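Peer 1: This is a predicted model, with the sequence first.
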Number of protein chains: 2
Amino acid sequence: MLTFLYLTSIFHPMSTVPPFSNTLSGELTSTLRDAIITGEIPQGAKLSETKLSQELDVSRGPLREAIRRLEGMNLIQHIPQQGARVVTLSMELVLQLYETREALESKAVALAAINMTSQEIDQLHRLIDAQSKHMRENSGAFIPAESDYAFHETIIRGSKNKVIEQALLRELYNLIKMFRYQHEFARNSTTNSLIEHRQIVYAIEQRDPELAEVTMRRHIVHARERIQRRMSASSAA
Amino acid sequence: MLTFLYLTSIFHPMSTVPPFSNTLSGELTSTLRDAIITGEIPQGAKLSETKLSQELDVSRGPLREAIRRLEGMNLIQHIPQQGARVVTLSMELVLQLYETREALESKAVALAAINMTSQEIDQLHRLIDAQSKHMRENSGAFIPAESDYAFHETIIRGSKNKVIEQALLRELYNLIKMFRYQHEFARNSTTNSLIEHRQIVYAIEQRDPELAEVTMRRHIVHARERIQRRMSASSAA
DNA sequence: AATGGCATAAATGTTGACATTTTTGTATCT
DNA sequence: AGATACAAAAATGTCAACATTTATGCCATT
């Protein structure tokens, strides 16, 4: 039933992250990653090697390697002699993700305020302008998720700290994207987010690490609180 | 030449981290991890699948899986069609490691001040007492690395945040241990560290997250500055 | 009817061989 | 002598079969 996975991996909007191409096991990694993020393979589902290898028409070797990599990205959990399961995003885990993101990304933006090039700051302006334009032209008050990710990824890369970048983009953000993609209420950002984005860019522009840090911290805490409210309001998934 | 690796993986003091047992590829993961941390397989060395499989007398399948896992722990870097190399700890990377550790572990201790059980706090006291005893009885002014790791790991686990715990213990600490193990000057902690450890435990005991956070942040910044001084003084490895 | 054990089936772990790509070394040409 | 091109060798990527462990389902027993 997963025959359309190859299309997903190429066209899907989720794929801002490295495509792992060149090798079959790399392709499989991207394919499965996107299928997990979108929920095409649902949370808690077992990744049966035999079934997947038949459906995707590959041998089990590369598949196992892809699974090991996804394990490293925290998208799946592997129990020896039992197999791999897609991670389940409990409310507890999501809140912990945002706590961790707060710690890492506030540090990232502080470093970005020091290390970003002016070209990268220009890029932030372009993204914000696009977000602003989108809001004006579409009645609704939402930033598309893709644009929001681009904004945050630009800052994270601008920190020039490869360790933080890796921790955020390779481990945390996949899980956050998975959560937001699978929960309609979390999929888009509010109008407040745009204001906060402006504040963050202002602080970076001023080369003020402390201001950038507290602004980003507040931005993420707000997001977490919004999630917390809406999750306890509706069903706690 | 790596025939003694199995012994290393069992007896080596580095192994406070999960042993990955039960399965051959899990054993290989632990074995290679420890060999990398200790420098038995040196930085930048190529992990040749054919050679390793001969020396360790295993087939390449499990070996490749172990390598994928070590990739996820940031201990090795893999380039498709070219193979895997042990990461090289440049001065830049080490400083970035400590920046990241500062962000994560200061958050961890703030959470630990809220979430730690009294049993866990007792454990911290026992560790500090042992460290104190060790310093009194041995002329030198050093905390053994193992005891220092145990202290920090107890706090990290005490945060009850699995995401932070994973990021620190599975990704960062292996690299930090690798660095400290391979640089004599970084192997042990100074007398100041013990004082700072006491301050951290005090803050946790008072259930004061903010105090705990700034205390831990300073502790790690001090460690980073010490490293920075000594590395620029001697050779920049 | 429910439980326990046994046999079968299926899944994961492991292996060795095959395919393809990259590297290495040699020979030739300028 | 240096550089380029080709050929051989070695390494990584992939596959299919085998081994071992775990899960399933049936039968017998209480």
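Peer 2: Received the coordinates, thanks.
Peer 1: quick one: residue A:115 and residue A:160 touch, right?
Peer 2: Yes - using C-beta atoms under 8 Å, residue A:115 makes contact with residue A:160 at a distance of 4.2 Å. For every residue, glycine as well, the C-beta is placed using N, CA and C.
Peer 1: out of those two, which sits in the more crowded spot?
Peer 2: The neighbour comparison of residue A:115 against residue A:160 (other C-beta atoms under 10 Å in any protein chain shown) goes to residue A:160, with 18 against 15.
Peer 1: all strands of chain A, in order?
Peer 2: Shown for chain A, the strands assigned by DSSP state E span residues A:46-47, A:76-79, A:83-86.
Peer 1: So for residue B:78, which of those strands sits nearest?
Peer 2: Ranking the strands of chain A by proximity to residue B:78 (C-beta to C-beta) places strand A:76-79 first, at 18.7 Å.
Peer 1: list the buried ones in the closest one?
Peer 2: residue A:76 (16 or more other C-beta atoms under 10 Å in any protein chain shown).
Peer 1: and that strand, which strands flank it?
Peer 2: Next to strand A:76-79 in the sheet, as set by DSSP bridges, lie strand A:83-86 (antiparallel).
Peer 1: Flag every buried residue along the strand it pairs with.
Peer 2: A:84, A:86.
Peer 1: next one: stretch A:161-171
Peer 2: Residues of stretch A:161-171 classed as buried: A:161, A:163-171 (neighbour count, 16+ other C-beta under 10 Å).
Peer 1: State the distance spanning the first to the last residue of that stretch.
Peer 2: End-to-end distance for stretch A:161-171, by C-alpha to C-alpha, to the nearest Å: 15 Å.
Peer 1: what residues does chain A put near DNA strand D?
Peer 2: Residues of chain A lying near DNA strand D by C-beta under 7 Å from any atom of the strand: A:23-25, A:58-62, A:65, A:81-82.
Peer 1: Residue A:70: how many residues sit nearby?
Peer 2: Using other C-beta under 10 Å, residue A:70 has 25 neighbouring residues.
Peer 1: That one against residue A:29, yeah?
Peer 2: Yes - under the criterion of C-beta under 8 Å, residue A:70 makes contact with residue A:29 at 6.5 Å.
Peer 1: PyMOL command for the buried members of the residues of chain A next to DNA strand D?
Peer 2: A single PyMOL command selects the buried members of these (16+ other C-beta under 10 Å):
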select buried, chain A and resi 25+58+61+62+65
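Peer 1: Out of the residues of chain A next to DNA strand D, which is nearest to residue B:92?
Peer 2: Using C-beta to C-beta, residue A:23 is the member of the residues of chain A next to DNA strand D that lies nearest residue B:92, at 29.1 Å.
Peer 1: Please tell me I have it right and the closest one contacts residue B:82.
Peer 2: No - contact criterion C-beta under 8 Å: residue A:23 and residue B:82 do not qualify, at 10.9 Å.
Peer 1: The residues of chain A next to DNA strand D: which ones sit near chain B?
Peer 2: A:23, A:61, A:65, A:81 (C-beta under 8 Å from any C-beta of the partner chain).
Peer 1: quick one: contacts for the third one?
Peer 2: Applying C-beta atoms under 8 Å, 6 or more residues apart in numbering or on different chains, one finds that residue A:65 lies in contact with A:25, A:28-29, B:64-65, B:68.
Peer 1: Go through those residues and flag which are in helices.
Peer 2: Among the contacts of residue A:65, the members falling in helices (DSSP state H) are A:25, A:28-29, B:64-65, B:68.
Peer 1: burial measure for residue A:158, as a count.
Peer 2: Neighbours of residue A:158 under the rule other C-beta under 10 Å: 24.
Peer 1: ah, wrong one, I meant residue A:153
Peer 2: The tally of other residues near residue A:153 (other C-beta under 10 Å) stands at 17.
Peer 1: how far away is it from residue A:177?
Peer 2: Per C-beta to C-beta, to the nearest Å, residue A:153 is found 11 Å from residue A:177.
Peer 1: now swap in residue A:224 and tell me
Peer 2: 16 Å.
Peer 1: one step back: can you put the contacts of residue A:65 in a markdown table and add distance to residue A:183 and pLDDT?
Peer 2: Output for these, formatted as a markdown table (distance: C-beta to C-beta, whole Å; pLDDT from 0 to 100):
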| residue | distance to residue A:183 | pLDDT |
| --- | --- | --- |
| A:25 | 30 | 95 |
| A:28 | 26 | 96 |
| A:29 | 24 | 97 |
| B:64 | 36 | 97 |
| B:65 | 33 | 97 |
| B:68 | 30 | 97 |
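Peer 1: Kindly report the domain assignment for chain A.
Peer 2: Per automatic domain parsing, the domain ranges recorded for chain A read A:16-86, A:91-233.
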